[in-house]
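Peer 1: Pasting the sequence and the predicted coordinates here, then a few questions.
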Number of protein chains: 2
Amino acid sequence: MSDVKEVLGSYSTDITKTIEEELSIITPDNLGEASVYLTRAGGKMLRPALTLIVSEAVGGSRESALKAAAAIELIHTFSLIHDDIMDDDDMRRGMPSVHKVWGQDVAILAGDTLFSKAFEIITGSQGTTSDQNNQTLATVADACVKICEGQALDMSFEERFDVSEDEYMEMIFKKTGALIAAATKAGAVMGGASQEVIDAMYEYGRLIGLAFQIQDDYLDLAADEETLGKPIGSDIGKGKMTIIAINGLASAGDDSEKLLEILKEEETPQEDIDLAIEILTKCGSIEYARNLALKSVDEAKEVLEILPDSSFKQTLSNIADFVLERSA
Amino acid sequence: MSDVKEVLGSYSTDITKTIEEELSIITPDNLGEASVYLTRAGGKMLRPALTLIVSEAVGGSRESALKAAAAIELIHTFSLIHDDIMDDDDMRRGMPSVHKVWGQDVAILAGDTLFSKAFEIITGSQGTTSDQNNQTLATVADACVKICEGQALDMSFEERFDVSEDEYMEMIFKKTGALIAAATKAGAVMGGASQEVIDAMYEYGRLIGLAFQIQDDYLDLAADEETLGKPIGSDIGKGKMTIIAINGLASAGDDSEKLLEILKEEETPQEDIDLAIEILTKCGSIEYARNLALKSVDEAKEVLEILPDSSFKQTLSNIADFVLERSA
């Protein structure tokens, strides 16, 4: 796992430098500062690193995928800024969120600016053809539409307790998986891969994206509280429709009614959270989620078999495992 | 003038149909409805019509520029939705604004969705090369960055009374002119024009964009109140830094101090608005603005001389005049 973190770190310098250069010319100053703020706050840079690693794994150069990688990170950052406004989240990456520092109006604009810049950057990619740029732009734009749809779906779930597993899978694919899939596909496109490999890399990204999100649900119930940085079972307290809650409601038999009651509570006492965890453990829903994530990771690694052996291919395989090894 | 309105109307059917088709697949329903709402509310569709007319004027087809035209209108609509949130404007196109109907969160997302769709649509243009698509995407993305910068500049002017004419011209170019220039440039690119003609069409769009915005300032003081739909001098009441106010502060001599005092007032009595209009008339600032708009339109028409004679070229010339003939 530390290996993967090291690898991601080795790519982040190039990505950060490209982003800083592209954003340095934004005026007025407050818009420029609000736009670059979250990039400077640090982040794993998993998505843009995937773009670069895939480009290298298909035999392309890091350079030709660099602008696309930076664009992917800007799209991710844009979505964080707008999500934080919608969810009224005060903190992001250990710092006050953009709208807390500059106010909501500048935060909306900063998100819009990053969005615009992302597309502009891709058109200026180096060492790629217009065909490649055009396909990458289409991929990223498609992911952006899906991110919006996924966020709207997620918000619509807040008032519902009858969300199906299919609906849930659609939501997490759109909200999280689509951009990761776009990141890996963009790397394949910019690296000059065949259409078959391009499609495979999209599938690899989609699968690790799903695993990533399901693991989030799993960690809420199975992680160590100190490592997680928030109380165990907080999703249950919020009545959130996670894959575990959805599976539990469908498979807990006589306990389903009690589980639903707990999920619907406005204020959930600790004893009810504990009882819900007991129900979800007994009916196998926590294990179900873990297995679903494991299956996605296994499938993702199988998809990688289309690539020739290389250290980059090995890194992509390690990243798939890393998604499940992380503990917070 | 009615001719121009008729011409715009004759293009709007194709544009609306394309937009409706592209937005029909957005889910969930509330996001789809919020996204298409302002298009259905009607609008002049000046920008996308310009894209189509320029494409035809340079010898291209309407079809090859249609997706780019729809995209330009979506970008315009996106900026209206987000601007209305920032300015907390309740009404748009005679209907409640998007955030008033669906709430702020869905309105932010609807804007983001239109933005994403705009770029996606361009990548699917028909009868154009990837080079053309790529150049159009770069042009539109550049305009989007400028729109954000222009809006941020405009907001920063709200607390200032020392805005220079250069700063003002930069703001209106970015906020309004850049997208009109992108619309006309996109038409030239998609119509297959030479780079020289493409650049000229950008300049034409920039010039009528400036004239359009300056005319807005002019109408606030020179229009018929009933036609304008709001009281004459409302910009003075709001202390807005229009080109007329900026010129007046610089050229009203001894009256400048009084003018500044009136602009700074929190509540401006009608007699002060009347006095300000008197000052601005006396020092020639209202005429100055009108002449500036006229000059932009004349220059825009000169730029058109690069085009071969055609009914489309004539329409572009008429649209330049139309910008100044409108009375509200």
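Peer 2: Sure thing, it's come through. Quick caveat: nothing in here was measured; it's all calculated off a predicted structure.

Peer 1: C-alpha only now, for contacts and for neighbours.
Peer 2: Fine.

Peer 1: Can I get stretch A:85-99 as PDB, trimmed to CA atoms?
Peer 2: Taking only C-alpha atoms (Å, rounded to 0.1, in the frame of the first residue of the first chain), the coordinates of stretch A:85-99 have been written out as PDB:
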ATOM      1  CA  ILE A  85     -21.800  24.300  -1.400                       C
ATOM      2  CA  MET A  86     -24.800  21.900  -1.800                       C
ATOM      3  CA  ASP A  87     -24.000  19.800   1.300                       C
ATOM      4  CA  ASP A  88     -22.900  22.900   3.200                       C
ATOM      5  CA  ASP A  89     -19.700  21.100   4.200                       C
ATOM      6  CA  ASP A  90     -17.400  23.400   6.200                       C
ATOM      7  CA  MET A  91     -14.100  21.500   5.700                       C
ATOM      8  CA  ARG A  92     -12.300  19.900   2.800                       C
ATOM      9  CA  ARG A  93      -8.800  18.300   2.800                       C
ATOM     10  CA  GLY A  94      -8.400  19.600   6.400                       C
ATOM     11  CA  MET A  95      -9.000  23.200   5.500                       C
ATOM     12  CA  PRO A  96     -12.100  25.400   5.400                       C
ATOM     13  CA  SER A  97     -14.000  24.700   2.200                       C
ATOM     14  CA  VAL A  98     -13.900  27.300  -0.700                       C
ATOM     15  CA  HIS A  99     -17.300  28.800   0.000                       C
END
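
Peer 1: is the helix or strand residue A:184 falls within anywhere near chain B?
Peer 2: Taking DSSP states H and E as the criterion, the element that holds residue A:184 is helix A:178-190. No - using CA under 8 Å from any CA of the partner chain, helix A:178-190 never reaches chain B; the gap is at least 12.8 Å.

Peer 1: What is the burial count for residue A:21?
Peer 2: When neighbours are counted by other CA atoms under 10 Å in any protein chain shown, residue A:21 registers 9.

Peer 1: Please determine how far it is located from residue A:15.
Peer 2: 10 Å (CA to CA, to the nearest Å).

Peer 1: For residue A:179, list the residues it contacts.
Peer 2: Contacts for residue A:179 (CA atoms under 8 Å, 6 or more residues apart in numbering or on different chains) come out as A:47, A:72, A:76, A:140, A:143, A:144, A:147.

Peer 1: now with 6 Å?
Peer 2: Remark: with contacts taken as CA atoms under 6 Å, 6 or more residues apart in numbering or on different chains, residue A:179 is in contact with residue A:143.

Peer 1: Which residue ranges of the stretch 1-150 of chain A form strands?
Peer 2: In order along the chain, the stretch 1-150 of chain A carries the following strands (DSSP state E, counting those that start in this stretch): A:91-92, A:95-96.

Peer 1: mean confidence for the last one?
Peer 2: For strand A:95-96, the per-residue pLDDT values average out at 94.

Peer 1: Tell me which strands that strand pairs with, and in which orientation.
Peer 2: The strands that strand A:95-96 pairs with in its sheet are strand A:91-92 (antiparallel) (by DSSP bridges).

Peer 1: Any idea which of the strands of the stretch 1-150 of chain A gets closest to residue B:112?
Peer 2: strand A:91-92 (20.6 Å; CA to CA).

Peer 1: any residues touching the closest one, and which ones?
Peer 2: Taking CA under 6 Å, 6+ apart as the criterion, the residues outside strand A:91-92 that touch it are residue A:97.

Peer 1: Neighbours of the residue nearest to residue A:234 when sequence neighbours are not counted, how many?
Peer 2: With sequence-adjacent residues excluded and distances taken as CA to CA, 6 or more residues apart in numbering or on different chains, residue A:234 is closest to residue A:220, at 6.8 Å. Neighbours of residue A:220 under the rule other CA under 10 Å: 21.

Peer 1: Could you check how far residue A:220 is from chain B?
Peer 2: If you measure residue A:220 against chain B using CA to the nearest CA, to the nearest Å, the figure is 26 Å.

Peer 1: again, but for residue A:123
Peer 2: Using CA to the nearest CA, we find residue A:123 at a distance of 6 Å from chain B.

Peer 1: so who does that residue touch?
Peer 2: With CA under 6 Å, 6+ apart as the criterion, the residues that contact residue A:123 are residue B:138.

Peer 1: again, only this time at 10 Å
Peer 2: Taking CA atoms under 10 Å, 6 or more residues apart in numbering or on different chains as the definition of contact, the neighbours of residue A:123 are A:67-68, A:129-130, A:132-134, A:136-137, B:131, B:133-139, B:141.
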